[in-house]
Structures are given as C-alpha cells and as structure tokens.
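>>> Quick one, what's the 3D model for this:
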Amino acid sequence: MLRGAFIRLSESPRAQAFVLRNGLARRAARRFVAGETLAEGIAAAREINRAGCHASLNYLGEKTTSRGEAEGAAERYVEILRTITGERLDCNLSIKLSQLGLAIAAGFAEGLVRRILEVARSGQIFVRIDMEEAALVTPTLALWRRLWQDGFTNVGLVIQAYLYRSPADVEALVGTGVRIRLVKGAYLEPPSVAYPRKEDVDAAYRALATLLLRRGTYPAIATHDPQMIAHARGVAQAESLAPSGFEFQMIYGVRRDLQQSLAREGFNVRVYIPFGEQWYPYFMRRLGERPANVLFILRSLIAEWR
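Below is the predicted model:
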C-alpha cells in the first residue's frame with residue numbers, strides 16, 4: 001500500500017510542484033540524489049571511489065516527449081562519459097531508453113544509444129540500460145539485441161525479479177555473455193504481469209540470483225536486503241565463484257554501512273549515483289521501496305524544522 005501510494009505520487013504533477021517548492025523536501029532528497037549538476041554527480045563518484053567502491057552515474061530523466069529533449073539527453077550522456085574519462089574515475093554509466101525517445105520512435109532512440117556507446121567504447125566505459133515499466137521490456141530487449149549483434153558488447157541490461165516473464169528472459173540472455181543487473185522492481189505493475197506479494201518477489205529474486213551466479217557473466221546483485229546478500233554469498237561459495245566474479249550494487253545514500261562492510265570483506269560493491277534536475281520521480285520511488293526511508297526523511301525534516 002505504501003509503495004503504491006508513493007509511486008502514484010511520483011506521477012502527480014501537483015505533488016511534484018509542491019515538493020519542488022519545499023526547501024526542506026529538496027534538502028531531504030539529497031540523501032538519495034547526489035545533486036542537480038554533473039559536477040555534483042562527479043564529486044559523489046569520486047567520494048565513492050575513495051571509499052573503496054565502484055560507481056555508476058545515472059542522469060535522471062525519463063519519458064521525453066520530443067526529439068529535441070531526447071537529443072539533449074544524449075548530449076548530456078556524452079558529456080558525462082567524457083568527464084568520467086577525463087577524471088579517470090572508476091565509474092559506469094546507466095541510461096534510460098524512454099529518456100532517449102524510445103516511445104517516440106525505436107529507430108530514433110537506437111541511433112542516439114549507438115552514439116553514446118561509441119563514445120563509451122572509446123573511453124572503455126561500460127554502459128547499463130536500465131529497465132523501466134513492463135510495457136517497455138520487449139522493445140528494450142529488442143533494441144539491446146540489435147546493438148549486441150553489431151558488436152556493442154560494452155552494454156548491459158537490468159532484469160526485474162517481480163515480473164512473471166523474467167525467468168524466460170534470463171534464460172534467453174544468460175548464454176549471450178551480457179552482464180545483467182538483478183533488481184526486484186520499482187514500478188507499480190498490475191497483478192497480471194508482476195507478483196503483488198513481497199514474499200513472492202523475494203522468492204523470484206533468490207531463484208534468479210542463483211541462476212545468474214551459476215551461469216551468468218559477472219552478474220550484479222542489486223539489493224540492500226541482508227537476507228538476499230547472504231543468499232548470494234552462499235550460492236557463490238557453493239559454486240566456487242570468487243568475489244571478483246560478481247558484484248553487489250546499492251543505491252547512493254542507502255545502507256552505506258553495508259556498502260563499506262562488504263567492500264572491506266573484499267567484495268566488489270558498486271554504488272548507483274543519480275543526479276539531475278528531474279529527481280522528483282526517482283526520489284518518490286525510493287521512499288516507496290522501504291518504510292525506513294520514509295522514517296529517515298521524516299526525522300530529518302522534523303529536526304530541521306525544530
């Protein structure tokens with residue numbers, strides 16, 4: 001119920017206008033968003049690297065409605081890649097296809113992605129295509145496959161465990177060599193396409209994590225759940241998979257203690273760092289994922305108000 005409410009709020013223009021005008025809310029969002037500028041995103045990545053973790057930058061934005069907006073986002077991605085190279089950061093890039101015009105025309109979006117990947121390849125930077133709502137999964141996979149067949153092997157994918165289709169998708173992908181990030185899923189989907197109950201999502205996540213750790217190529221286990229982390233560690237140990245063979249991924253500002261603990265133990269930990277002016281939908285989805293996030297924000301707002 002809480003998650004659904006926050007996802008609905010993430011899509012409400014009225015709620016967005018209120019939050020963007022609220023200085024306390026904007027400051028609270030900085031827990032999960034590195035800032036609004038590229039300089040702030042780069043500074044966060046540099047700090048993550050100094051702490052012994054890898055980084056992945058995400059320029060916030062989605063569902064562009066014009067070719068001009070999509071082209072502007074592509075230019076921004078190219079700027080990010082060149083800055084990562086210039087700063088010599090240990091940092092990947094995450095992109096959203098809806099931000100690059102997938103809903104406008106798949107061929108148009110593909111052209112922009114190819115340009116981004118060419119720049120990334122020249123700088124030896126890995127790019128991950130974030131997975132969005134269920135309606136975009138099939139066109140996303142189709143676009144990725146065309147890129148992969150044309151030699152763009154510096155691009156990975158995300159699979160959402162709560163979708164019923166995900167086991168079949170993983171089976172189709174696992175033999176290709178693509179690097180997959182496994183997440184639970186953060187969009188509000190109907191029961192006809194996704195598991196509505198947390199226990200079913202958890203079971204699906206464990207099953208897919210096991211499959212990827214056994215047969216995948218450098219899988220990314222994206223979770224803050226200690227039970228899921230323990231499960232992944234157990235599978236890796238049983239399969240004699242060294243810590244260098246996979247990585248844990250976590251979100252900027254969430255469970256920083258756990259990030260540091262795993263890194264000290266010798267595991268690869270990558271921190272997903274969002275930045276940009278369009279931070280509101282992302283921020284609301286993060287609040288909906290965990291009640292602890294809401295409590296943290298409320299405590300922060302009360303403290304500042306006092």
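
>>> for the protein, what spans make up the strands?
Assigned by DSSP state E, the chain shows strands spanning 54-59, 91-95, 127-129, 155-160, 180-183, 220-222, 247-251, 268-275.

>>> any chance of those strands in a markdown table, with distance to V174, mean neighbour count and mean pLDDT too?
C-beta coordinates here come from the backbone N, C-alpha and C atoms, glycine included. Below are the strands of the chain laid out as a markdown table (distance: least, CB to CB, whole Å; neighbours: other CB atoms under 10 Å; pLDDT from 0 to 100):
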| stretch | distance to V174 | mean neighbour count | mean pLDDT |
| --- | --- | --- | --- |
| strand 54-59 | 21 | 24 | 97 |
| strand 91-95 | 20 | 23 | 98 |
| strand 127-129 | 16 | 23 | 98 |
| strand 155-160 | 10 | 23 | 98 |
| strand 180-183 | 8 | 24 | 98 |
| strand 220-222 | 14 | 24 | 98 |
| strand 247-251 | 17 | 22 | 96 |
| strand 268-275 | 20 | 23 | 96 |
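
>>> In stretch 65-83, which of the residues would be classed as buried?
By neighbour count with 16 or more other CB atoms under 10 Å, stretch 65-83 contains the buried residues 69-71, 73-74, 76-78, 80-81, 83.

>>> Among the strands of the chain, which comes closest to L211?
strand 180-183 (9.3 Å; CB to CB).

>>> Identify the residues contacting the closest one?
With CB atoms under 8 Å, 6 or more residues apart in numbering as the test, strand 180-183 has contacts from 128, 131, 156-161, 170, 173-174, 205, 208-209, 212, 216-217, 219-223, 249.

>>> how about the strands of the chain in a markdown table, adding distance to R146?
Output for those, formatted as a markdown table (distance: least, CB to CB, whole Å):
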| stretch | distance to R146 |
| --- | --- |
| strand 54-59 | 23 |
| strand 91-95 | 16 |
| strand 127-129 | 12 |
| strand 155-160 | 11 |
| strand 180-183 | 18 |
| strand 220-222 | 23 |
| strand 247-251 | 26 |
| strand 268-275 | 26 |
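
>>> what's the closest of the ones you listed to T37?
T37 sits nearest to strand 268-275 of all those, at 7.1 Å, using CB to CB.

>>> list the helices and strands the closest one packs on?
In terms of contacts (3 or more CB pairs under 8 Å, 6 or more residues apart in numbering; DSSP states H and E), strand 268-275 is packed against helix 38-50, strand 54-59, strand 247-251, helix 256-264.

>>> and of those, who's closest to P139?
Of the helices and strands packed on strand 268-275, nearest to P139 by CB to CB is strand 54-59, at 20.1 Å.

>>> angle of that closest one against helix 38-50?
Counting by axes from the mean of the first three to the mean of the last three CA atoms, to 10 degrees, strand 54-59 lies at 160 degrees to helix 38-50.

>>> Could the C-alpha coordinates of strand 54-59 be exported in PDB?
In PDB, the C-alpha atoms belonging to strand 54-59 read as follows (Å, rounded to 0.1, in the frame of the first residue of the first chain):
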ATOM      1  CA  HIS A  54      32.900   1.300  -7.800                       C
ATOM      2  CA  ALA A  55      30.400   3.900  -9.100                       C
ATOM      3  CA  SER A  56      27.700   4.200 -11.700                       C
ATOM      4  CA  LEU A  57      26.300   7.600 -12.700                       C
ATOM      5  CA  ASN A  58      22.600   8.000 -13.700                       C
ATOM      6  CA  TYR A  59      21.400  11.200 -15.200                       C
END
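
>>> Sheet-wise, list the partners of it with their directions.
Applying DSSP bridges, strand 54-59 is found paired with strand 91-95 (parallel), strand 268-275 (parallel).
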